[in-house]
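Pasted the sequence and its predicted model underneath.
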Amino acid sequence: MSYCVNCGVELEASLKECPLCHTPVINPNRLNIEFPASPYPDNKGQVEVVKRKDLGILLSVVLTATSATCLLLNLLVFDASLWSMSVIGGCICLFVFTFPAIFYSKTPIYVSLLADGVSVAVYLFLISFLTDSDTWLLQLGLPIVLLLTICAECFPLLSRFFPLTILSCSLCIFVEIPIFCVSLELLIKHLLGLPYRITWSAVVLTVCVIIDFALVTILAKKRLRNEVRRRLHF
């Protein structure tokens, strides 16, 4: 009969570890038996991991090559229109969108969102070369991008004064949705020369106002807020 070297409990002959403290049971007569080699590497660093820097280099090369080749094809072969501008603008947007995640993760959220808005504005400006007029860009495209950028910047701004929870974020979203829809309809009617009168956006405004009142009531009442969180599991 054998005993555990750690806690001294009596062990059965078939046990491979102590049932009390889980100390491995070592048979001195089997110490010289060679065990098969492990299929996994013993030394750290044998398995290479793709770093963000390498991924950033790959993404930069692919986007640059795509933009350059499309520009050359546009200038030398398919020169009927400046179609390469749309491809170049898309590559610029993709690079700016992925920059904080791949290249520099410490970029402030305000700067990142502002850069995203500027890149989309540049993309629309490049697409305007494919059209005969830039009226849509000045009266519709750029104002929409500016409005979306302001709405996106509101989230990090509010997080400095209020805790961001699912309920507070939902309230912010349902406040911004009707503002954006009403502004969008007015911009479209200004572009088309129609009277300033809201129609479809009024339906969105009504629904969102009802939801906003409900969310404000939930946030104002602690017991109601806790009950909603308990029932919805967040």
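Perfect, thanks for sending it.

drop to CA atoms for contacts and neighbour counts, all remaining ones
OK.

Break down this protein into its strands, ranges please.
2-3, 10-11 (DSSP state E).

helices and strands around the first one, which ones?
When you say that, I think you mean strand 2-3. Judged by 3 or more C-alpha pairs under 8 Å, 6 or more residues apart in numbering; DSSP states H and E, strand 2-3 is in contact with strand 10-11.

what lines up beside the strand it packs on in the sheet?
strand 2-3 (antiparallel) (DSSP bridges).

Which stretches in this structure count as helices?
52-76, 84-102, 109-127, 135-136, 142-159, 166-192, 200-220, 222-232 (DSSP state H).

could the ones you listed go into TSV alongside mean pLDDT, mean neighbour count and distance to residue 25?
Shown next, in TSV, are these (pLDDT from 0 to 100; neighbours: other C-alpha atoms under 10 Å; distance: least, C-alpha to C-alpha, whole Å):
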stretch	mean pLDDT	mean neighbour count	distance to residue 25
helix 52-76	89	15	45
helix 84-102	88	19	49
helix 109-127	89	19	55
helix 135-136	86	14	79
helix 142-159	88	16	56
helix 166-192	91	17	52
helix 200-220	93	15	59
helix 222-232	82	12	48
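
can you put the strands of the chain in a markdown table and add mean neighbour count?
Formatted as a markdown table, the strands of the chain follow (neighbours: other C-alpha atoms under 10 Å):
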| stretch | mean neighbour count |
| --- | --- |
| strand 2-3 | 13 |
| strand 10-11 | 15 |
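
a markdown table for those strands, including distance to residue 105?
Formatted as a markdown table, these follow (distance: least, C-alpha to C-alpha, whole Å):
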| stretch | distance to residue 105 |
| --- | --- |
| strand 2-3 | 55 |
| strand 10-11 | 55 |
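
any idea which of these scores lowest on pLDDT?
Of all the strands of the chain, mean pLDDT reaches its minimum on strand 2-3 (a mean of 76).

Return the distance of it from the chain's centre.
58 Å (C-alpha atoms, centre = their mean, to the nearest Å).

coming back round to it: closest one to residue 19 among the helices of the chain?
helix 222-232 (40.4 Å; C-alpha to C-alpha).

who does the closest one touch, helix- and strand-wise?
helix 200-220.

quick one: the helix it packs on to chain centroid distance?
Taking mean C-alpha positions (C-alpha atoms, centre = their mean), helix 200-220 and its chain are 26 Å apart.

Likewise for stretch 158-167?
18 Å.

ends of that stretch, how far apart?
13 Å (C-alpha to C-alpha, to the nearest Å).

Which one of the strands of the chain lies nearest to residue 91?
Taking the strands of the chain one by one with C-alpha to C-alpha, strand 10-11 is closest: 67.8 Å.

Perfect, I'm done here.
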